[in-house]
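Asks: predicted structure and sequence below. I'll ask about it afterward.
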Amino acid sequence: MVWALSIDRSDITKASLVEEAQRPLQAGEARLAVSRFALTANNITYAAFGEAMGYWRFFPGADGRGRLPVWGFAQVTESRCDALNAGERVYGYLPAASELIVTPGKIRPDSFFDAAPHRAELPPVYNRYERCAAAAGYDAAREAAQMVLQPLFLTSFLIDAYLRDTGFSGAARIVLTSASSKTALALAFLLKRNKPEALRIEALTSARNAAFVHASGLYDDVIAYEDIGRMDPEPARLIVDFAGSAEVNQALHTRFGENLNANIRVGGAHWDDSTPASGLPGPRPVFFFAPDHARDRIAEWGPDGFAMRQGEAWSSFVAAADNLLAWRSLYGPQEALSAYQALVRGDVSASEALIVEAGAR
């Protein structure tokens, strides 16, 4: 039997554990036993936007409910694909479950893609799996950081490149909502590395996370949500919205008005208040879909150039991240379900990084 988190697609607070019989492999398939994976607020975004953005399509469940996408490591335990051997360790997009069956394609020494028919039209960045033994930059001692931070970091890396290419939309200040989120922290880190002298990075966060955000040292100013009405409406602002809160967006657009140059929506940390606000003053919020930007950057820089730039930035960030977060290990399906439910409720401290070991303790 194999287990999985099963989530109601229309109400992500309704989650349970299910067990299913292990099916035999077909020719060309391989069985991945999920070893460990990360759980972050980003996974709640996957669930909240599962229908709208197609995240539920990656790992369809026999019960018709959602399977939560996560990033993690797995072992090839059985293979009917000649170029992929049992015993290999791989990294990539997995379900919060104990196994995944893939159809390896485009196989290289360092990677392969899942060529299963139902994934053919889905973004390639989510279909690629690293073969750890030959993957550049793989470090067994850094697996936790890779799972928790690397998928988020890719989004931050792409936003940073976009902001610089567009001249920060002419803004003198950048407001990052949900500033305690790991994606926001990574973006703030990248912005600070080579920040224009006149640009200030403003953190918007909850009162309970303000001390953590301030201690990160990544922001010029830290503001609690309830203090938006006291922010100086000048000079020109750019919002990078990781919270996705309709209430917060209404307050920001009202406060800045004509001095708001752009609002880039990235995530939905405040998933339960994520219905777009109507009639907002100023520019319409525009969703930043990372896979499309990754495709365009790879076309512009070439695969090797993209990997080199991202790798350099990642190495710099991961070295600093050890001092930012408190790492916590969880064991088995029940603890995975409890952690998911805590993340949905917003009960996980921003300073914590959760790692689920798929097997029981």
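Replies: Sure, I can see it.

Asks: the strands in the stretch 1-150 of the chain, which residues?
Replies: All strands of the stretch 1-150 of the chain, identified by DSSP state E, counting those that start in this stretch, fall at 2-7, 15-20, 30-39, 69-79, 89-95, 99-102, 104-108, 111-114, 128-131.

Asks: relative to Gly359, which of the ones you listed is closest?
Replies: For the strands of the stretch 1-150 of the chain, the distance to Gly359 is smallest for strand 30-39, at 7.9 Å, taking Cβ to Cβ. (Glycine included, C-beta is placed from N, CA and C.)

Asks: now distance to Gly244 and mean neighbour count too, for the strands of the stretch 1-150 of the chain, in TSV please.
Replies: TSV is the format used below for the strands of the stretch 1-150 of the chain (distance: least, Cβ to Cβ, whole Å; neighbours: other Cβ atoms under 10 Å):
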stretch	distance to Gly244	mean neighbour count
strand 2-7	19	23
strand 15-20	20	15
strand 30-39	19	23
strand 69-79	18	21
strand 89-95	22	23
strand 99-102	28	22
strand 104-108	34	16
strand 111-114	29	22
strand 128-131	27	20
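
Asks: domains for the chain, by residue range?
Replies: Split into domains by automatic domain parsing, the chain comes to 2-138+325-357, 150-291.

Asks: where's Glu258 relative to Ala236, distance?
Replies: For Glu258, the distance to Ala236 equals 9 Å [Cβ to Cβ, to the nearest Å].

Asks: among those two, which residue is more densely surrounded?
Replies: Ala236 (17 against 10; other Cβ atoms under 10 Å).

Asks: show me the contacts for that one.
Replies: If a contact means Cβ atoms under 8 Å, 6 or more residues apart in numbering, then Ala236 has 170-173, 259-261 as its contacts.

Asks: 6 Å instead, please
Replies: When the contact criterion is Cβ atoms under 6 Å, 6 or more residues apart in numbering, the partners of Ala236 are 171-172, 259, 261.

Asks: repeat that for Ser169.
Replies: Contacts of Ser169 were listed using Cβ under 6 Å, 6+ apart, and they are 238, 261-262.

Asks: between those, which has the most around it?
Replies: Neighbour counts for the contacts of Ser169, by other Cβ under 10 Å, peak at Leu238, which reaches 24 neighbours.

Asks: partners of that residue in the sheet?
Replies: Listed by DSSP bridges, the beta-bridge partners for Leu238 are Ile174, Ala262.

Asks: ok, it touching Arg173?
Replies: No. The pair Leu238 and Arg173 fails to qualify as a contact (Cβ atoms under 6 Å) at a distance of 7.3 Å.

Asks: pull out the buried residues from stretch 321-340.
Replies: Using 16 or more other Cβ atoms under 10 Å as the test for burial, stretch 321-340 gives 321, 324-325, 330, 332-333, 335-337, 339-340.

Asks: got a markdown table for those, with pLDDT too?
Replies: As requested, the buried residues of stretch 321-340 are arranged in a markdown table below (pLDDT from 0 to 100):
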| residue | pLDDT |
| --- | --- |
| Ala321 | 80 |
| Leu324 | 83 |
| Leu325 | 86 |
| Leu330 | 96 |
| Gly332 | 95 |
| Pro333 | 96 |
| Glu335 | 96 |
| Ala336 | 96 |
| Leu337 | 97 |
| Ala339 | 96 |
| Tyr340 | 96 |
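
Asks: and Ala135, how many neighbours does it have?
Replies: Using other Cβ under 10 Å, the number of residues around Ala135 comes to 17.

Asks: cool, thanks, signing off.
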